[in-house]
Structure formats: C-alpha cells, structure tokens
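Trainee: Give me the fold of what follows.
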Amino acid sequence: MKECVLYCALFPCDYEFSRDTLVWSWTAAGLIKSEQNGDVGAVAIRCFERLMQLKYILHSGYDHLRDQMMYKLGNDKTEFLNKHSLGVQHRNGLDSETDVEKIQHLSLIFEGIDKINFDILRNSRHLKTLLLHQCSGSGLENLLHDVLLELKSLTILDLSCTEIVELPSSLEFLKGLKYLDLSETPIRRLPEWTDSLCNLETLILVGCLNLCGLPKCMYKMIKLQHLVLDIARQLQSMPIGMGKLTNLQTLSAFLVGKKDGNRITQLRNMNKLKGSLSILKLENILNKDEARDARLHDKLHLTKLDFVWSNLQDAKITSEEEILEHLQPHFGLQELKIVSYGGGSLPSWISDPSFTQITSITLYGCRYCERLPSLGELPSLKILNIVDMDELVVIDRLFYQQQANQRQNAFPRLEKLSFDGMSNLEIWTGIEEGHFPCLQLLMIGFCPRLTALPSLSYLNSLLHLEICDCPKLPCLPEGRLPSSLKCLMMKDCPKLKERCYSEQGEIGQGYECSIGGQ
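Mentor: Numbers count the residues shown, from 1 in each chain. The predicted model follows:
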C-alpha cells in the first residue's frame, strides 16, 4: 500500500482521477501483489478504499458527462508524498542535472512541448511510467519517436489531454507496454500495428472525438483487460473477432454489426466483463436465437447495462419483443436502461423480483409500449425514469403488482419517479396505502392528455412534487397533499393553475409553492 500511495505523487496539484484509472495504473506498474493467484484488481480496489479511509485520497466531485466519481489527493498529504515520492515529478521539463538513469516513474508537467528536452530521456532505461500533463503544441509524436525506442522497460504511457494526432511508429516496439491512455486527444486513428502491443492490458480512448475506428486486428490483443471508450456513436461497428478478447473486464460499449465476426454473439464468452456495458445498434440482431447466444445472463459481474436501438421505427416491431426477452441479464444487475425500443411490450423478466439488487431503471423512447410492467415488486428499486412512451394511455394497478390481491407494499424503496413526454397518457390511478413508502421526488412533465392523478396523500415521504406541461389536468388529486411535502412546482398547466389560485387555502401551507407558465 505504501508504494501505491507514493505513486500518487506523480500527479499535479488538484489533479482529478477516477478510481479505475488509478488502480489500473498501480497494477500495470507492478505495485499490486495478489496472494495465491488471487484477483489483483480486487486487491487494488481494497488498497484504494483504505487510502480513502486514511484521507490520502478524497472525493473531488461527480463527472456527469462520464458518469463516474472523481477523486484527488488530500492537500495535507501533498508534502509527505513529494518528500517520499516513488517517482519524479518535473515542471517545465528536465535539465541535464537530472539523474534519469535511476528513475522508474516520471511525470512531466509543462505548458508547451518546446519547454522540454526529450533527448535526456534516452538514458532512462529503467523508466516504467511516463505521464505527460498539460501539454500544448503540435508535433509531440515526432519528438517522442526516437525517445520511445530507448524506453524498453516502459509499461505505462499517459498521453491524455495532449495534442497528439497519431501514435509514434516506434511505440510498436514497446512490447512490455501494459497501459496506454489517449483520452481527450485529437488522435484520428489507431494504426494497424497496435495489435503488436501484445501485453497491453488497458487502452483508454475517452473523449477522442476525432477517432473514427478501431484497428481491424484488435482481436489479437488477447491480454487486453480494459477498453474504455465513449465514442460508440461515432463508430460504425466493432472490429471483427472481438469475441476472442475473453480477458476483457471493461468494455464501455459494444456495437452490434451485420457481419459474422461482429454480431452480438461475439459477447458469448466475455464472462469477465465488469461494471457498465452499453450495447448499441440492437436492430442488427437477426432473431431471438442470436440474442440468446450472447448469454448475457452469464455476465455475472456486470452492474449496469444499456440496451440501445439506433433508429426510431415508424411502426411497432414485434420481433424486437422476442429479442429483448432473450437478452435477459443476470439477477445481480444494479442499473438498467432501455433506449428506442420498438416493441409493444417490455420483457417479462424486467419485473421479476429476483432482481434483488437493481436500483435504477430508465425507459427512454419506448414509443410503442402500451403497458407498464409490474415494476412495483422490485425490492431495491430507487430510481425510475420513464420518458417518451407515446402509446401508454393508462397507468393502473398492474404497474404496482402483478396480482391485484397481493398485500405487499409496492415500490418499497423507490425514492425518485419521473414521467416525461407521455403524449397519450390520460389517466394514472391505483396508489394505495403502503405504496411508495420512500418516494421523495415525483416529476410529471409533458403529458398533454393527462386528466387525472391518483391520490398522493399516502406518499408520506414525498418532499418535491413537480407537474409541468399538463394542460388538461384540471386539479390536484383528491385529498390533501402529504404533510411531508416541502416543494410544489407547477408550470404550463393552465387549468390546474386557475384551480389553485381559486383555492389558495388548499395549497402552499407548510411548503414552498411555485406556479408558473400559462
């Protein structure tokens, strides 16, 4: 653990990082030792958590664009880290007095590539880590070309946030390279020789907006464990044969192709996948058998799964119902998102109470779904977002429980519920005593035909109620609003606005009330 924390001294002041990138760096640098061939990644995560307890690592904030928590070093630990650093951090370049021969980990912080003498690095034969920070200026690939030929021991190369547009060809000969970060660079392509980096374990391509494809022979990189990219919508398809990368633990996105080597069945044997996976272009799946062959239920370490269809259809597609039914994930899933699904009903498995750990469900653009599944029986569901479900007309008792005579509380853990863009929704009924015992936030937006809401008086934990763009809603539901309410917001609901102004004694008592729009 000591070496892991001292490695962090390579980072500039106030540098933000994710947990994953740090633990992958530790692993690539050989700082993590597992006992009896155990999971090195799990050991690294435990080390990270321990350093958080000791305040060496602090929360920095949430990156909503990347959907991940960010961290930084504790300010009061900086002096200690700099004094006992495992490596060397240099600002504005190296000088001739620097003893580079003994350096194993090096971080260079400079404002422009003209400020650094890369030739000095030629003697850094033991260098394992090279991090470049705050680099501006073009031509970095040319300056690095000759130097990299000498860095035979290099295992970690971080070129993130530089202005590199292509990889130096000399990088091909760094057979020991395990970690390559190209995030937030204008790099245009990865050369076909990238597959010669036969020991590469981590490749980070987050924010590479100019990148338009992955190497054709990527299937040869059989030691690759982490492929991180957020450019899935820019790629046309995955490289052929990705299914051979059975050591992959992190795969941010998979685009279903139309060729034999990039269909969804390539996922069949990728059972080490962890964390989040977005599967896009699901319209390219031929049939239910192909969907079943992806064996998503065997991916026991996935916690978040997105199912995304690319194009909005002009009519309901019943074949998509069978396909989604056979894409059932394992019961330990925590978050689920379904986007632009063209079927008329959602899969039966989505309401199975055996999904005991699922906390968040988002249904976005499922325009042809005519009924909501019985999601009220999911024991751990905390967040439910339903957006643009155009064919839904009625929300009734089946939304809460499959059997009308069941006595258990519906949605026992739900804290946030939102309906938005329900263009044909007319009636919402069926909330009974004991339903939604933990609901704190209820948002209803753009439901132009909605005329009735269920009684909200049973929602004893409700803090925030927001109703927008519901022009036909004549009044608030019968009975008083819950005493727990702190904020009521209404906008562009003319009938409701008129009714509320005529009954001012019925609203605004004990909570903040905002009525706006027409």
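Trainee: Please name the residues that touch Leu248.
Mentor: 224-227, 270, 272-273 (Cβ atoms under 8 Å, 6 or more residues apart in numbering). Every C-beta, even on glycine, is put in place using the N, C-alpha and C of the backbone.
Trainee: Redo those as CSV? Include pLDDT, secondary structure and distance to Leu167.
Mentor: Below are those laid out as CSV (pLDDT from 0 to 100; DSSP: H, G, I helix; E, B strand; the rest coil; distance: Cβ to Cβ, whole Å):
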residue, pLDDT, secondary structure, distance to Leu167
Leu224, 98, coil, 16
Gln225, 97, coil, 20
His226, 97, strand, 18
Leu227, 96, strand, 16
Met270, 98, coil, 26
Lys272, 97, coil, 27
Leu273, 98, coil, 26
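Trainee: closest to Ser160 among those?
Mentor: His226 (14.4 Å; Cβ to Cβ).
Trainee: what about the closest one, distance to Pro191?
Mentor: Going from His226 to Pro191 by Cβ to Cβ, to the nearest Å gives 20 Å.
Trainee: Give me the more crowded residue out of those two.
Mentor: Counting neighbours by other Cβ atoms under 10 Å for His226 and for Pro191 shows that His226 has the greater number, 24 against 14.
Trainee: May I have the beta-bridge partners of the more buried one?
Mentor: Counting by DSSP bridges, His226 is bridged to Thr202, Thr250.
Trainee: ok, it - contacts?
Mentor: His226 neighbours (Cβ under 8 Å, 6+ apart): 20, 24, 201-204, 248-250.
Trainee: Closest to Tyr7 out of those residues?
Mentor: Closest approach to Tyr7 among those (Cβ to Cβ): Trp24, at 12.1 Å.
Trainee: is it true that that closest one lies in a helix?
Mentor: Yes: per DSSP: H, G, I helix; E, B strand; the rest coil, Trp24 lies within a helix segment.
Trainee: Grab the most central residue of the protein for me.
Mentor: Residue closest to the mean C-alpha point of the chain, counted by Cα atoms, centre = their mean, is Asp67 at 4.7 Å.
Trainee: who touches it in this structure?
Mentor: Ser276.
Trainee: and the gap between it and Thr250?
Mentor: Distance of Asp67 to Thr250, given as Cβ to Cβ: 14 Å.
Trainee: Over to Glu512?
Mentor: For Glu512 relative to Thr250 (Cβ to Cβ), the value is 43 Å.
Trainee: Mind checking which of the two has more residues around it?
Mentor: Legend: neighbour count by other Cβ under 10 Å for Glu512 and Thr250, higher for Thr250 (22 against 11).
Trainee: So which residues of the stretch 151-300 of the chain form strands?
Mentor: Taking DSSP state E, counting those that start in this stretch, the strands of the stretch 151-300 of the chain run over residues 156-158, 179-181, 202-204, 226-228, 250-251, 253-255, 274-280.
Trainee: how many other residues sit next to Arg449?
Mentor: Count around Arg449 with other Cβ under 10 Å applied: 15.
Trainee: Surely it touches Ser423?
Mentor: Yes: between Arg449 and Ser423 a contact is recorded at 7.2 Å, counting by Cβ atoms under 8 Å.
Trainee: tell me the mean pLDDT over whatever helix or strand Leu417 lives in?
Mentor: Using DSSP states H and E, Leu417 maps to strand 416-420. What strand 416-420 shows for mean pLDDT is 98.
Trainee: Could you shift the numbering so residue one becomes 404, and keep it that way?
Mentor: Taking 404 as the first residue, the last one we looked at is strand 819-823.
Trainee: Paired strands for it, with orientation please.
Mentor: strand 786-790 (parallel), strand 844-848 (parallel).
Trainee: Would you format those strands as JSON lines with mean pLDDT included?
Mentor: As requested, the strands paired with strand 819-823 are exported to JSON lines (pLDDT from 0 to 100):
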{"stretch": "strand 786-790", "mean pLDDT": "99"}
{"stretch": "strand 844-848", "mean pLDDT": "98"}
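Trainee: would you turn those strands into JSON lines with distance to Ser748 and mean neighbour count?
Mentor: Output for these, formatted as JSON lines (distance: least, Cβ to Cβ, whole Å; neighbours: other Cβ atoms under 10 Å):
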{"stretch": "strand 786-790", "distance to Ser748": "14", "mean neighbour count": "19"}
{"stretch": "strand 844-848", "distance to Ser748": "23", "mean neighbour count": "19"}
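Trainee: Which helix or strand in the protein has the lowest average pLDDT?
Mentor: Using mean pLDDT, DSSP states H and E, helix 481-486 stands out as the lowest-scoring helix or strand of the chain, at a mean of 56.
Trainee: what's the distance between the residue nearest to Ser640 when sequence neighbours are not counted and Thr597?
Mentor: Leaving aside its sequence neighbours, Ser640 sits nearest to Gly660 (Cβ to Cβ, 6 or more residues apart in numbering; 3.9 Å). Relative to Thr597, Gly660 is positioned 20 Å away (Cβ to Cβ).
Trainee: try Ser527
Mentor: The gap separating Ser527 from Thr597 is 24 Å, by Cβ to Cβ.
Trainee: Report the contact partners of Phe758.
Mentor: 734, 736, 752, 781.
Trainee: quick one: which of these is most hemmed in?
Mentor: Leu781 leads the contacts of Phe758 on contacts (other Cβ under 10 Å) with 26 neighbours.
Trainee: list the contacts for that one?
Mentor: Going by Cβ under 8 Å, 6+ apart, Leu781 touches 754, 756, 758, 761, 764, 814.
Trainee: Can I have the buried ones of those residues as a PyMOL selection?
Mentor: Burial among the contacts of Leu781 is assessed by 16 or more other Cβ atoms under 10 Å; the matching PyMOL selection reads:
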select buried, resi 754+758+761+764+814
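Trainee: Show me the contacts of Leu781 that map onto helices.
Mentor: The members of those all map outside helices under DSSP state H.
Trainee: quick check, nearest of the contacts of Leu781 to Arg453?
Mentor: Using Cβ to Cβ, these come closest to Arg453 at Ile761, 29.0 Å.
Trainee: Quick check: closest non-adjacent residue to Lys677.
Mentor: Per Cβ to Cβ, 6+ apart, closest to Lys677 is His704, 4.2 Å.
Trainee: any idea where the helices of the stretch 654-803 of the chain begin and end?
Mentor: Secondary structure of the stretch 654-803 of the chain, counting by DSSP state H, counting those that start in this stretch: helices at 691-696, 721-728.
Trainee: Against which helices or strands is the last one packed?
Mentor: Applying 3 or more Cβ pairs under 8 Å, 6 or more residues apart in numbering; DSSP states H and E, we find helix 721-728 packed against helix 691-696.
Trainee: ok, now the first one?
Mentor: Using 3+ Cβ pairs under 8 Å, 6+ apart, the elements in contact with helix 691-696 are helix 721-728.
Trainee: what bits of the stretch 754-903 of the chain have low per-residue confidence?
Mentor: 806-810, 902-903 (pLDDT under 70).
Trainee: Now do the same for Glu514: its pLDDT.
Mentor: 66.
Trainee: wait, is Lys898 part of a helix?
Mentor: Yes: counting by three-state DSSP, Lys898 is found in a helix.
Trainee: hang on, isn't Leu727 packed against Phe710?
Mentor: Yes: between Leu727 and Phe710 there is a contact under Cβ under 8 Å: 6.8 Å.
Trainee: shared neighbours, the two?
Mentor: In contact with both Leu727 and Phe710: 741, 744, using Cβ under 8 Å, 6+ apart.
Trainee: Between these two, point out the one with more neighbours.
Mentor: The residue with more neighbours, out of Leu727 and Phe710, is Leu727; 24 against 21, by other Cβ under 10 Å.
Trainee: Phi and psi next, for the nearest residue to that one once chain neighbours are set aside.
Mentor: Nearest residue to Leu727 in three dimensions, chain neighbours excluded: Pro750, at 4.9 Å (Cβ to Cβ, 6+ apart). Dihedral pair for Pro750: phi -70, psi 150, per degrees, to the nearest 10.
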